[in-house]
Every structure is written in structure tokens, then in C-alpha cells.
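In: quick one, structure for this:
(chains A and B)
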Amino acid sequence: MITIEGLKKRYKEATVLDVPKLQIYRTECFGLVGNNGAGKTTLFRIMLDLVRATEGQVCFEGEDVSRTENWKRRVGAYLDEHMLLAFLTPDEYFESLRRIYGLSQEDLAQHLDRFRELFNDEILGKKKYIRDLSKGNLKKVGIAAALIGNPAAVLLDEPFENLDPSSQNRLKRFILQEKERNEITFLLSSHDLAHVTDICDRIVLLEKGKIIKDLIDKELMASELFQYFDQ
Amino acid sequence: MVLQLVKWEILKITRSTAYARSLAVALLMLGLSILLLSYVVLMGLALEPILVQGLGKEDPIGFLNSILIYFFLFEIIYRYFVQGLPVVELESLLHLPISKSWIIRFLLIRSFISPLSLIPVLLFTPFAIMGIAGAYGYSGAVSWLALLFLFSWSLHWIMLWFKQRFEDSMIGVAVIFVVFMLGTGSSYFGYYNIGEIFLPVFSFALSSYVPALLMLLVCAAAFFLCYTYYRRHAYLEDLTADEDIKFANQSFGLFSRFGLAGEMADLEWKLIIRHKKSRSYLTLSGLFLLYGLIFYANPAYQTDDGFSYIFVFVGSFITGVFILQYGQLFLSWNSASFDFFLNQKGGVEALVKGKYILFIVISALCFLFSVPYVYFGWEILLIHLATFVFNVGIVIHLVILMALWKPKPMDLNKGGMFNYEGLGLAQFMMVIPLMIAPYVVFLPFAYWINDYAGIMALMVVGMGGIFFFNLLAKGSIRRVMRNRYEISSSFRQEL
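Out: Next up, the predicted model:
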């Protein structure tokens, strides 16, 4: 579904990302881990054409993401709060997205209903602008927005960060459910090894912009990662 | 989609925590724009009588065509200073299924809807109807007007590209300086007359559509240049100013003598030189040092006794442009780190005092650099000294008083692309009330006694302000301290 070839990102002399080849398959729950500055967010940003690649390309279902924009209808993402329109209320934001994606009111209501548990009655119907929400609630709005329009793939950067423990567990359950029910491909970057090993089918470990491990064996995932990060 | 973008723009403005300030500025701007545009209309209606009766030109059309190029050179300069660049929250739109082309086209077209685009229409249409249509028929009037409009609108797109492309670069300033010299130097030395060079183009437009059609191509090319440039830079990395550390460890030694406030002034100095936006204000102060050349050397402003009253304005601007411009965004510069100052013991007080020190030092430097103007007469030096003292004693407090009303947050770490909050029309308009202040003191004395008495009055009032400096500064500090929670929350909410 997503193919990366010869991808490099350089800032002046420093190469911050160097991925010769990477393929992410349909309905895979793909985890990306690595220490600070490993290049996780940069990789996601290039995949979303938010940042230019110095070399190479990212293709989504055969479409080079830097050349067309049709893929944007089939890819949802939430990387940070700058992706939201802070001056709207969550309801207004979802309503705007409904129009952009051409959904009906019922579609939107149904969509938001899926998040009822995660929202915990703190997001919808409140007279509060997005800019005034807590970091955790911002994340919930961002995740719900990323899933609008039934995307085939969803990219989430640190989805568990700032969420309370109950919400973290709810989100984990939600991701697994969506993957099964709607065959969504999830790409998650996270520092929370316990959560990623719990839900991901495959985990790629980045170090200084390079892939140093591509783990697919569920049994060994946790031990290999804990061993690496314990060094 | 366009309606959606327009709706978001409106909501963003009306829901800003600095809405009251923005609204007041917008209303002031609207009033001033209407006033200035109505002057342009009057000027347009009176253009022919001015040329024929006022200047005694027998062939007003030929004469106007010979000076039109100066109008466009002037347009380049005023567009450079007052034309705002498109601003959009690109980060929140790029990942959505809205094509970049839509966003960029929306931005560019929005930038076109401006009073500046109306100036040639209002200025030249009456002349074309009353003067040209009679001599060359309506066809001639239309083709001549089309050339002028398209010329001006081409400049709109070219300047939109130019300002963004050469932002914070000496090339940009150098080009503007060359344009300025090209205009003022024309026919001065007898080498060339730029008006005569362009005369055939404008004259040809009276009898042919060819110049207008060629200009249409230029206008389309300029739009395309602008569109491609903005489209190509619609990436997150162009939104963040990731600069080399080229100004590391550059402290202003003098500030260390002022204790904690001096330390804050030094921090502010580092903030200024390490961010493009703030640096442009500093560059502007340097550029405005040359402002006097336009007036002091101009025979139109020479008088038999005393001096032209406009010199007080020039002096105020040369010695105080940094206070007027940078000071307007007084606390906004520190909006990202305001909590840092709140968190320090006496931090906010030191921050305000530090800014005072910085303003005074830079204003003093501007005064010192302007000393060579003494070449044009001792009275110029006297005017600069008086306006400097008045700026430091009085204007500085007025600027801060205005700036403390609902300060706006500003993200300095964003680059210039799509985020140009620098030198807009509003920024220039806001200084007008502040420029009136020296005249309130100067004019009565100049009128009833003489010009030098007016200058003395400016000096005395300024000295009074300096004498009571601590008292006046305390007022500003108290205001910040009283509103610190509101200021801090407004900065946090919008960033």
C-alpha cells in the first residue's frame, strides 16, 4: 500500500533520514520507534508531503505523494495540534471536515459515535474552542479528525502521549477494532513500547534516520526492543 | 471550498483574543483608507485642470505620459513598504484533501483585494474619460487605461514575489534603493531621462491595444511567477525559520551596566538579531536614516526663514522609527516566553525596563548616525536632537501605552513564508497618531513665537519626560503587572 524507495532527507550537510526501501502493507498496524531525533516525525511528514524529500519517493497505492494530491482523500493523519484549526470548537471543526469530505450529517454522527467512549463526554457539545482544550483532549479531536472520511491509512504521531491511562486503553481497543472492522492500515510512532508492542503487527526501529530493525515476530518484539532501549 | 476558507478567515479574526484591538485597527484602517482613496478620487478629477491651469501644460496627455513611469517607480517603493503578504495557517490545511493550488490561489486573490489595487483606477479613470476620450476616442481611453491598470497590477504580483523572495536580504533593499535612485537621478545629471524613454510606450497605447495586450502577458507571467513560487514553498519546512547560528554570543556590552533590566535588554537584543521578523525592523531603522535625503536636499522644502515644519516629522521618524515600529508589538515579541518572565522574581518589571533601555540605546544610535545631516545646516542637527529627546521622553511612553492595549501573540519561530506579520499597512498607519504628538508641542510655539521656539519646546517637554522617566515608566510597569494574567493567557491561547 505504501512504498518508500531511496528516501533521503538532508538538512545542509546532515542526513536526518535514509530509508533505501520500505513497504507497508494493507491493514498492517505498523509501529515506528526510536530515540529522540531518530527521524520518526520527519518520515511521517515526508509520507504526508508536508516536508520535501531530498531524494527518493513515497508512493501511496502507486501514486507519488509529492506529485498528486488525490491520495489525501484516502489518508488521514494527526501529527500535532498545529494540524487543527484552533479557533473553532470541536463540533465546528468536525462539521467543516464533514463538508470538505462530502459526508452527510448522519455519516458524521455515526463517525463521532465511534469515539463516544474515547471522548468521555469532554469534547462534543461543549462551548470551548480547540485552543482551550487540554493536550489530551486535543489529541482525541485530532485522532477523530484523522479518521473522518473512511481513510485507507491513518498516520498518528505519539497517539498515547498526554492521554490518561483509561483513554490510552480505550484508544488501543479502538485502533484494534478499526483495523479489523474497517481494514484501516495504521502507522503509529510512539515512545511507549508497551502500547506499540501490544497493538502493532510490525515495528520498525529507527536510529539516526536509518532502519536498524524490522520486527515482525510478535513473540520477540518486546524483548528485542527492551534490549535495544536498555543499552 | 473558497467559501469555507473565507468563513475560517472570518472566524479566526473574530475569535482572536486580540479581536478588540484588531477591530479597532481595522476600523481605523478603513477610515484612513476611505479618506486617502477619496483624496485619490479628487486628485483624479482635478488631474487635467492641475496639468493645464496649475502647471500650464498645453499638452496635458503628452506631459502625463512623460511622467507616468515615475508614478510606477513610486508605486514599487510604496508597495515594498506597505503591501502586506498573504498569511495562512498552512499547517492546519496541508493534510486535508484541499489542493494546494486552491489554497494558494485563494491567498493570492485575497491579497489583490486591497486599496492599493484601486489607486490607478481611481486616479486615472476620470482623466481618461474627460481628457483622453475627447482627443483619442473611447477606444484610446480604454486601451490607455488598460495599460495603466495592468502595469500596476503586474507590480502587485511582482512585489508579492519579490518581498517574499528577498525578505531579510540586502538584495531586496539594494533593488529598492536602485529604483529610488533611478527615479530621483533621472535627468538630474543629464545622462538619461527615464520619462522620455517610456513616453512612446504610453503614447502608443492611445492609438493601439498592443501595449495593453503585451502588459496583459506581463501581468499573467507575474501572477504565474508568484503562484509557482508560493506553491513550491507550501511545505512545513518553509514555515519554520531554521537559521544558522550566525549571531551566537553577540552581547551588547553596554547593557550589563543596568543590572537585571540590562540583562533583559541584552536578551531582547539577541531576540531581535536572531529572528528575521525583528531583524527587519532593525534594517528598517537603518534604511530610514536615509529618509532625510528626500526632504533636506529638496528645494521644495527650503524656506527663507526658519525651516519647513515637515522636518520635525522627518526628525521624529529618523530618530524614533525603531520605537514606533518595534514598540508597537511591545510584549508580542516575547509572547512565546512570557511565562518565563512571569516565573522570575521581578522578571516582568525587568522585561519592561529592559525594553526601555533597548529603545533608548537604539534611538540614541539612530541620532548619532544622523549627525552627518549637519551638512544640510545646523538646524537639522538641532531638530534631530530635539526630536530624539522628545521621543525618549514622551513618545516612548505613548507607544508603550498603545501597545499594552490587548497585545497580540506572535510566533517568531515561524519563517516568513505565509506568515508575514512584519511591515504591513496597519503597522504604518498606527504610527500616525504618534507622529502627531511632536506637532502638538511644536506648532503653538512655532506659530506664535518662531520655529526655534517650537524646537526648544520639544526639547523642554522631552527633558521633562526624561526627568520624570521613572515615574512614567512605573505607570507602564504597573499596567503590565496588573494585566499580567490576562496577557499571559491571551498569549497562551493563540499560540
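In: hey, let's count contacts and neighbours off CA atoms from now on
Out: Will do.
In: for whichever helix in chain A runs longest, buried residues please.
Out: Secondary structure of chain A per DSSP state H: the longest helix is helix A:165-182. Across helix A:165-182, burial judged by 16 or more other CA atoms under 10 Å in any protein chain shown covers A:167-168, A:171-172, A:174-176, A:178-179.
In: what is the orientation angle of the next helix or strand after it with helix A:165-182?
Out: Moving toward the C-terminus from helix A:165-182, the next helix or strand (DSSP states H and E) is strand A:185-189. Inter-element angle recorded for strand A:185-189 and helix A:165-182: 150 degrees (by axes from the mean of the first three to the mean of the last three CA atoms, to 10 degrees).
In: can you list the helices and strands that the helix or strand following strand A:185-189 packs against?
Out: Of the helices and strands lying after strand A:185-189 in sequence (DSSP H and E), the nearest is helix A:193-199. When contacts are defined as 3 or more CA pairs under 8 Å, 6 or more residues apart in numbering or on different chains; DSSP states H and E, helix A:193-199 sits against strand A:29-33, helix A:165-182, helix A:218-229.
In: the second one packs against which elements?
Out: Translated: helix A:165-182. helix A:116-119, strand A:185-189, helix A:193-199.
In: next to chain A, which bits of chain B? Give me the list.
Out: By CA under 8 Å from any CA of the partner chain, the residues of chain B that approach chain A are B:1, B:4, B:11-12, B:15-16, B:91-99, B:235-237, B:493-494.
In: turn the buried ones among these into a named PyMOL selection, would you?
Out: This is how PyMOL selects the buried members of those, with burial counted by 16+ other CA under 10 Å:
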select buried, chain B and resi 12+16+91+93+94+95+96+97+98+99+235+236+237+493+494
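In: need the contact list for the residue in chain B that chain A sits nearest to.
Out: Nearest residue of chain B to chain A (CA to the nearest CA) works out as B:Ser92 at 3.9 Å. B:Ser92 makes contact with A:82-85 under the criterion CA atoms under 8 Å, 6 or more residues apart in numbering or on different chains.
In: which entries in those are shared with the contacts of chain B?
Out: Of these, the ones that also sit near chain B (CA under 8 Å from any CA) are A:82-85.
In: what's in contact with stretch B:226-238?
Out: In contact with stretch B:226-238 (CA under 8 Å, 6+ apart) are residues A:49-52, B:90-91, B:100-101, B:104-105, B:108, B:157-158, B:160-161, B:415, B:417.
In: next up, the contacts around residue 72.
Out: Using chain A. B:95-97.
In: wait, I meant chain B there
Out: Neighbours of B:Phe72 in contact, by CA under 8 Å, 6+ apart: B:151-152.
In: send me the one helix or strand it maps to as CSV with only the CA atoms.
Out: Per DSSP H and E: B:Phe72 is located in helix B:60-82. In CSV, the C-alpha atoms belonging to helix B:60-82 read as follows (Å, rounded to 0.1, in the frame of the first residue of the first chain):
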residue,chain,number,x,y,z
PRO,B,60,-1.6,67.5,-20.6
ILE,B,61,-1.8,64.0,-22.1
GLY,B,62,1.7,64.1,-23.5
PHE,B,63,3.0,65.6,-20.3
LEU,B,64,1.3,63.0,-18.2
ASN,B,65,2.6,60.1,-20.4
SER,B,66,6.1,61.5,-19.9
ILE,B,67,5.9,61.3,-16.1
LEU,B,68,3.8,58.1,-15.7
ILE,B,69,6.9,56.0,-15.2
TYR,B,70,7.7,58.0,-12.1
PHE,B,71,4.3,57.1,-10.7
PHE,B,72,5.1,53.4,-11.2
LEU,B,73,8.6,53.7,-9.7
PHE,B,74,7.0,55.3,-6.7
GLU,B,75,4.4,52.5,-6.7
ILE,B,76,7.2,50.0,-6.5
ILE,B,77,8.6,51.8,-3.4
TYR,B,78,5.3,52.2,-1.6
ARG,B,79,4.3,48.6,-2.4
TYR,B,80,7.6,47.4,-1.0
PHE,B,81,6.8,49.1,2.3
VAL,B,82,3.1,48.8,2.8
